[in-house]
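1. What follows is a predicted protein model with its sequence.
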Amino acid sequence: MKIFKLLCFTILAVLSPYFVAAQAKPFKATVAQTSALKKQAQDCAATITQQNYKQLAYYTYPPIIKAMGGADKMVEKLTVTMAQMQTYGVVFKSATVGNINDITKSGPDLYSVVQDILQMANNGSTITASSYVLAISHNNGIRWYFVDTAPLKNQNLKKMFPTYPPGLVIPQTNNPFMGAGN
């Protein structure tokens, strides 16, 4: 029996580096996964300037939709909030996608951090703000959901996203830049 245990231990000791190396391989996203992420991030960003909040709800991470009382409630809240902003002279001029971080695989899910660059007009001035959204796919990069990272800074990400990759860092958001209006 001791010889059998010793043999098993020796085999495991010899083979374990190969198993660890196989598990530690970095994930290499396909062109299709990266293209889908970029296109859907651009579509999601465009919903803001187009005031298409129903489409924005389509791209929003489902637990957030649920927490807001459903897609219809989310659309209603966004419509009211944006109308209030407009009464104060704030109008979204553009929303574009900047840098897209590498796609990371964690469990069955894919994650990435995507830079959003928002440009707003406010009483003759232009405000440019750069922020980040967390992109999550549950189906290998075919469909992506997005979450604004600003409210996530002080929260337990593993609680909200059970498969959140431990090495994925959300970059710091820069202060908005205010310039002369166009």
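-> Now that the structure is in, tell me what you want to look at. Numbers count the residues shown, from 1 in each chain.
2. For Asn101, see how far away Pro162 is.
-> 20 Å (Cβ to Cβ, to the nearest Å). Backbone N, C-alpha and C define where each C-beta goes, glycine included.
3. And for Ala135?
-> In terms of Cβ to Cβ, Ala135 sits 9 Å off from Asn101.
4. So which of those two has more stuff around it?
-> Ala135 (25 against 18; other Cβ atoms under 10 Å).
5. quick one, what contacts the nearest residue to the more buried one once chain neighbours are set aside?
-> Leaving aside its sequence neighbours, Ala135 sits nearest to Ser112 (Cβ to Cβ, 6 or more residues apart in numbering; 4.4 Å). When contacts are counted by Cβ atoms under 8 Å, 6 or more residues apart in numbering, Ser112 touches 37, 100-104, 134-135.
6. quick one on the thing from earlier: mind listing the shared neighbours of Ala135 and Asn101?
-> 112-114.
7. same for the helix or strand containing Lys77, what does it pack against?
-> Assigned by DSSP states H and E, Lys77 belongs to helix 71-87. Secondary-structure packing of helix 71-87 (3 or more Cβ pairs under 8 Å, 6 or more residues apart in numbering; DSSP states H and E): helix 53-59.
8. what separates the helix or strand following the helix it packs on from the chain centre, distance-wise?
-> Counting by DSSP H and E, the next helix or strand C-terminal to helix 53-59 is helix 62-67. With Cα atoms, centre = their mean, to the nearest Å as the basis, helix 62-67 stands 15 Å off its chain's centre.
9. which residues make contact with helix 62-67 from outside it?
-> 57, 71, 74, 145, 147, 160.
10. of these, buried ones?
-> With neighbours counted by 16 or more other Cβ atoms under 10 Å, the contacts of helix 62-67 contain buried members at 57, 71, 74, 145, 147.
11. So Leu118 versus Asn174, what's the distance?
-> Leu118 is 12 Å from Asn174, by Cβ to Cβ.
12. bridging residues for Val97?
-> For Val97, the beta-bridge partners are Asp116 (DSSP bridges).
13. tell me, how many neighbours does it end up with?
-> Using other Cβ under 10 Å, Val97 has 20 other residues around it.
14. Equivalent analysis for Gly70, please.
-> Using other Cβ under 10 Å, Gly70 has 12 other residues around it.
15. how close does it get to Pro171?
-> Gly70 is 31 Å from Pro171, by Cβ to Cβ.
16. residues touching the nearest residue to Leu78 once chain neighbours are set aside, list them.
-> Nearest-residue entry for Leu78: Tyr53, 4.3 Å, with adjacent residues in sequence omitted and distances by Cβ to Cβ, 6+ apart. Counting by Cβ under 8 Å, 6+ apart, Tyr53 touches 47, 74-75, 78-79, 82.
17. again with Ser137
-> Listed by Cβ under 8 Å, 6+ apart, the contact partners of Ser137 are 33, 37, 109-111, 143-145.
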